[in-house]
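> when you get a sec, could you give me coordinates for this:
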Amino acid sequence: MSMFLKDRFCNGCGATAQETNHFCRSCGFEIADVDSDTDQVIFFPPPGSVSSEAGGPWLLILIVIGILMVVSSIAYPGFGKAREEARKKACYANMRVLLGAVEMYNMDHSVMVNKISDSDAMNNGFLVNEKYLKAPLSHVEISCSYYSIGDLSTDKGRISCVIHGTVEE
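Residues are numbered from 1 along each chain as shown. Purely as a prediction, here's the structure:
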């Protein structure tokens with residue numbers, strides 16, 4: 001089908017334009033052509049519109065989502081490691097608090113505690129009942145359990161966790 005241009009007019013305001021103009025002088029939109037055989041308007045979308053670019057903003061959104069997915073897949077293992085380190089440090093802090101409570105108890109009593117178990121720091125333990133611990137210790141992980149290594153009444157005693165080991169390790 002041959003295309004003979006009959007009239008040219010603006011997509012935005014409808015004003016007619018000269019054959020040499022590509023943009024409307026009054027509104028700035030691109031000029032559309034009319035096919036003389038079919039009297040159909042051949043629209044050329046204005047620059048920067050969605051249909052004039054390959055994919056428009058959807059392509060940009062998909063690219064951004066793809067980049068975020070790649071970055072999150074790289075960073076996710078680091079988040080797991082940081083969470084594990086935080087739990088380990090919280091467990092070490094519990095062990096230090098427990099050791100401090102045992103030392104205060106030993107300073108106040110003539111019969112010293114040389115061993116400790118997990119139940120001594122929990123709800124009905126003697127350290128909680130005698131107010132050497134303000135509140136029962138809560139385990140950082142379900143399988144955490146505290147126990148003593150060596151004699152706690154001397155400098156050689158240590159407190160350890162089943163999962164995280166001792167603070168010194």
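> after the longest helix belonging to the chain comes which helix or strand?
Using DSSP state H, we find that the single longest helix of the chain is helix 56-108. The helix or strand immediately downstream of helix 56-108 is helix 126-129, counting by DSSP states H and E.
> check contacts around residue 158.
By CB atoms under 8 Å, 6 or more residues apart in numbering, the residues touching residue 158 are 99, 148, 149, 150, 166, 167, 168. Quick note: C-beta positions are derived from backbone N, CA and C, even for glycine.
> quick one, domains of this structure?
Per automatic domain parsing, the structural domains of the chain span 1-50, 87-166.
> out of those, which gets the lowest mean score?
When these are compared by mean pLDDT, domain 1-50 comes last with a mean of 60.
> what is the burial count for residue 73?
Applying other CB atoms under 10 Å, we find 9 residues neighbouring residue 73.
> got it, and the one 5 residues further on?
By other CB under 10 Å, 9 other residues sit near residue 78.
> could you do the one 5 residues further on as well?
Neighbour count of residue 83, defined by other CB under 10 Å: 10.
> swap in the one 10 residues further on?
The number of residues packed around residue 93, counting by other CB under 10 Å, is 13.
> equivalent analysis for residue 105, please.
Other residues close to residue 105 by other CB under 10 Å number 20.
> surely it meets residue 130?
Yes: assessed by CB atoms under 8 Å, residue 105 is found in contact with residue 130 at 7.1 Å.
> ok, residue 70 to residue 76 distance?
Residue 70 is 11 Å from residue 76, where distance means CB to CB, to the nearest Å.
> and for residue 107?
Counting by CB to CB, the gap from residue 107 to residue 76 is 48 Å.
> what do you get for residue 166?
Taken as CB to CB, the span from residue 166 to residue 76 is 30 Å.
> do residue 85 as well
Relative to residue 76, and taking CB to CB, residue 85 is found at 15 Å.
> ok, residue 25 next?
Residue 25 is 56 Å from residue 76, by CB to CB.
> ok so, going back, which of the contacts of residue 158 fall in strands?
With strands taken from DSSP state E, the overlap with the contacts of residue 158 comprises 148, 149, 166.
> tell me the bridge partners for the first one.
When you say that, I think you mean residue 148. residue 159 (DSSP bridges).
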